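Trainee: output the structure for:
(chains A and B)
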Amino acid sequence: MSKLVLKNVARRYGTVEAVADFSLELVPGEFVSLLGPSGCGKTTTLRMIAGFVPPSTGTIAMDGQQISSPSSVLPPEKRRMSMIFQSYAIWPNMTVGENVGFGLQVRRLSRGEIDRKVDAILDVVQMRNLKGRYPAELSGGQQQRVALARAIVVEPEVLLLDEPLSNLDANLREEMRFEIRRLHDEFKITTVYVTHDQSEAMVTSDRIVVMNKGRIEQIDAPHILYARPKSRFVAGFIGRTNFLEGSRQGSEVRFDGFSAAASGLEGANGTGGLLYSLRPQAIGLATQKPNGGHLAVEAEIAGRSYLGEYWDYQVKPLGAAKPLRVSTGPNAVFEIGSRVWLEIDPSAMVRVE
Amino acid sequence: MTVAAPALATPETRRAISFDSTWLIWIAIIAVLLFLVVSPFIYLVVTSFTAEKTGGFTFANYLAAYGRARYVDALLNSLKLGAAAAALAGVFAIPLAWAVARTDMPGRGLTRMLVLMTFITPPYTGAVAWILLAGPNAGWLNRFFMLVTGAEAGPFNIYSFSGLALVIALYSFPYIFIFTTAALELVSSEMEDAANILGAGAWRTMRRVTLPLALPAILGGLIICFLEAIALFGSPAMIAIPARFNVVTTQLFQFFGNPVRVEVAAAYAMPLLGVTILLILIQRLMTRRKGFVALTGKGGDRRAIRLGPWRWAMFGYAMLVAALAVFLPYLFLIQAAFAKAWGRGFGLENISLRNFHFVLFEHATAAKSVLNSFLYAGVSATAVVILTLGVAYIVTRRLVPFGGILGFLCIAPFVIPGVVLAIGFYAAYAPPPLALYGTALILILAFTTRFLPIGYVNASAAIRSLNPEMEEAVRVLGGSRLTALRRVVAPLLKRSLLGAWLLIFIPATRELSAAIFLYGPNTKVASVMIFDMSEEGNFEYLAALALILQVLTLPLLWIGQKALGRDFMLRRNAT
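Mentor: Prediction:
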């Protein structure tokens, strides 16, 4: 049975539709991210799951029991969930230990039991030695760990995270991503994670819901989302890509500077505009014309940037108006202006809407 | 076209110049602050140990000051009065502050406005209004009670300890309101959401999260209220003296009567000063206690708590407080101001403009007293703003070593009650060679000292909000520090400086506690005039004068709100 089911959920503020027709099912122990630019409705969705915001239409159910509908909303304190907030919302008037123990006190555990559980979870987040400190004396990363411990120690049915890493600096953010995933693997709590950072979502999640303007664009596992984006928005939002506009001419599809056989292209027989996404990593660069089944296009290096882990080349097929972006390993050095060959695998070209 | 490059000074001359000018300014400012703050304070202490006749060292003043039971009683009365007024003010202020800051009570803007009205009502004006309302026989509430019940006498008597506590509480509760709303507005909704999602209901969240976070501020507000109550002169003089009991300030005033016994007064003022310093220290420690700092700004949005049907009950309570502090007092003040005789009621035949005409054109000094008030307040406010801006700039930008001393001296008068400050000024500058007693200058100087802390808090907040890089950009392009101040800093701070000026000017036009000890025949200010009229029992003239003072304040309030937002007087750094 599904742990959490959102069915046709929508939320309107006046005439503004913050979330529209949102449906999602989570299996027990699953980690799902809601990913999208700011204002896409992801936080509103999360707050509806938490019970802070009632849906305008649609229903939310947990373990088969309805917890939210336009007419009745189970209050947040009755949902047995927990949540990590953007500001962490660590109570500054309580010590680390008191913060973490609060939820257990509310659940009326014995004092010994509370102490034992608090110590255990503080060990897990490596904060045991700071148990007696006040939050004002903690760094941002330490506050984040307290928030995590406080949310997990109550063994919630569902864990909700609202951009929990957005207030941390870059290095810490990277560290905490793995920390969050590690804790999930250890405790197997069903988790909904809201973020606007694609790499955060990709590192942590089993599945990602990409949202835009209140609507779901695509729900898939991270690697599928990257390799097979369904829409132009998803292809552009997740990673970098080349958008190629094609037009059908007989058995070929004509692109800017080259053509490809329609038979080898996904969806080339369909109706509507032919727009393809081609990742920079999926294009090969060579000085000699490659021989193989792939498409070979003669081109010129128009520009380049070196980013340490890879080269980012701008390569213009002969006769084309716009260059393509191509990523190569750091050792593949080509001078600007030199003639090269592009090697394109047509099956890596994904048709998007 | 060529641009002349600024002449390049050699390192030696640069250092010499900067050494000279900044140190000169530092010395000038410290001289002014010594004169305004340190010297009156030292004179106060020294005078308390000086024999009146011989000028030698003595403890006799302390014996005289605490030698009689009724002098000691007056001290105890002040402490009791402070506690009662603060507690009562808390009852008025805390529910209102919570409702305005955190709930969906209707009329939150209206409530804020009425608290502001209360805040700008001088306590002595409120006291007079309550004499009209709850005087033992003729008071309107008593007459209404007798009319309704047919009783021989009404139950209300403002001339009592509880009456005085009520009147003081009614006009000092805005302090607690300001502190509490400021604190509640810093508690983000996420703090409460976090407790909710972990299973805590509304009541437990309030008790464990919201209240503890706001508590230091609430206690701080109560302390300020307590201090306000024990330092107040006008209301006790109007109410406690007819009720035949004394408090510290009225007793001090009597030591200042004929003959002036300033040495005894100085000795008698010490406990007031001591209690104030102690409580301010406690308040500072409390609000700075570790763990009560508001954390992380992001995600700090607040949603109103839904009160359901209780929102109307809450609104009713807010209007009840407003009725006691604003509606009823002003109704009967206006009635008295336009009445031939206030006791004759609301009939058309009792209405006249005679009182206003008399106060403005016939009375020997009333109109002049209003002019004096505005003149002295204006000069003082300007002086404070300029002085504190300079100090705040020097301190914030660390232009001189030990700049912190300057800041401390500016903030120090906060712990000196107006009455005590006046005695210090009297002791320091009334005798020759300066012989300033009764001059406009001594009033201006005393007001300047009294309002230095408000000016400094605002000026340093304003300067800290400025990124130093703005000035560095001027200097990199060849402008001097002075050019940077004139062309960049001053224009950017225009609004906040105007705000600071108003926050000083408005209370300075009402100041009574210091003025009553320092004014002379030609330098009477409006507050002293009102006090005199109350002693003579001229309530119609008094009400007219008090209303004129209030009406003259309204345009200033309007300017302040236009420039700085509607709540500029009700912000935390305003007090």
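Trainee: show me what the helix ranked longest in chain B packs onto, helices and strands only.
Mentor: Ranked by residue count, the top helix of chain B under DSSP state H comes out as helix B:69-102. On a contact count with 3 or more Cβ pairs under 8 Å, 6 or more residues apart in numbering or on different chains; DSSP states H and E, helix B:69-102 meets helix B:108-119, helix B:161-186, helix B:211-231, helix B:248-255, helix B:262-287, helix B:310-322. Just so you know, the C-beta spots here come from the backbone N, C-alpha and C atoms, and that holds for glycine as well.
Trainee: residue A:29 is nearest to which of those?
Mentor: helix B:211-231 (36.0 Å; Cβ to Cβ).
Trainee: just the helices in chain A please.
Mentor: Secondary structure of chain A (DSSP H): helices at A:42-50, A:96-106, A:111-124, A:140-152, A:170-187, A:198-204, A:222-227, A:232-237.
Trainee: give me the buried positions along the last one.
Mentor: In other words, helix A:232-237. By neighbour count on 16 or more other Cβ atoms under 10 Å in any protein chain shown, the buried set for helix A:232-237 is A:233-235, A:237.
Trainee: kindly indicate which of those lies nearest chain B.
Mentor: Using Cβ to the nearest Cβ, residue A:237 comes nearest to chain B of those, at 22.7 Å.
Trainee: state the pLDDT value of that closest one.
Mentor: Note for residue A:237: predicted pLDDT of 91.
Trainee: OK, contacts around it?
Mentor: By Cβ atoms under 8 Å, 6 or more residues apart in numbering or on different chains, residue A:237 lies in contact with A:35-37, A:198, A:210, A:212.
Trainee: which SS class is the closest residue in space to residue B:429 that isn't next to it in sequence?
Mentor: Leaving aside its chain neighbours, residue B:429 sits nearest to residue B:436 (4.3 Å; criterion: Cβ to Cβ, 6 or more residues apart in numbering or on different chains). Secondary structure, DSSP: H, G, I helix; E, B strand; the rest coil: residue B:436 is coil.
Trainee: can you count the residues close to residue B:436?
Mentor: 22 (other Cβ atoms under 10 Å in any protein chain shown).
Trainee: cool, residue B:309 as well?
Mentor: Neighbours of residue B:309 using other Cβ under 10 Å come to 6.
Trainee: over to residue A:102?
Mentor: By other Cβ under 10 Å, the residues close to residue A:102 number 25.
Trainee: contact partners for it?
Mentor: Contacts for residue A:102 (Cβ under 8 Å, 6+ apart) come out as A:91, A:94, A:150, B:195, B:198, B:200, B:208.
Trainee: for residue B:145, same thing?
Mentor: So residue B:145 contacts B:151, B:154-156 (Cβ under 8 Å, 6+ apart).
Trainee: let's go with 7 Å and repeat that
Mentor: B:151, B:154-155 (Cβ atoms under 7 Å, 6 or more residues apart in numbering or on different chains).
Trainee: and the closest residue to residue A:34 other than its chain neighbours, how far from residue A:18?
Mentor: Counting by Cβ to Cβ, 6+ apart, residue A:34 lies nearest to residue A:42, which is 4.0 Å off, once chain neighbours are set aside. Per Cβ to Cβ, to the nearest Å, residue A:42 is found 10 Å from residue A:18.
Trainee: same question for residue A:206.
Mentor: According to Cβ to Cβ, residue A:206 stands 26 Å off from residue A:18.
Trainee: who has more neighbours out of those two?
Mentor: residue A:18 (21 against 15).
Trainee: my guess is that one contacts residue A:41. True?
Mentor: Yes - counting by Cβ atoms under 7 Å, residue A:18 touches residue A:41, with 4.9 Å between them.
Trainee: what touches both of these two?
Mentor: residue A:214.
Trainee: most neighbours of all the contacts of residue B:145, which one?
Mentor: residue B:154 (21 neighbours).
Trainee: check contacts around residue B:463.
Mentor: B:392-393, B:396.
Trainee: gap between it and residue B:443?
Mentor: 29 Å.
Trainee: same thing with residue A:200?
Mentor: In terms of Cβ to Cβ, residue A:200 sits 65 Å off from residue B:443.
Trainee: and if you look at residue B:347?
Mentor: 42 Å.
Trainee: so the two - more neighbours on which side?
Mentor: residue B:443 (31 against 9).
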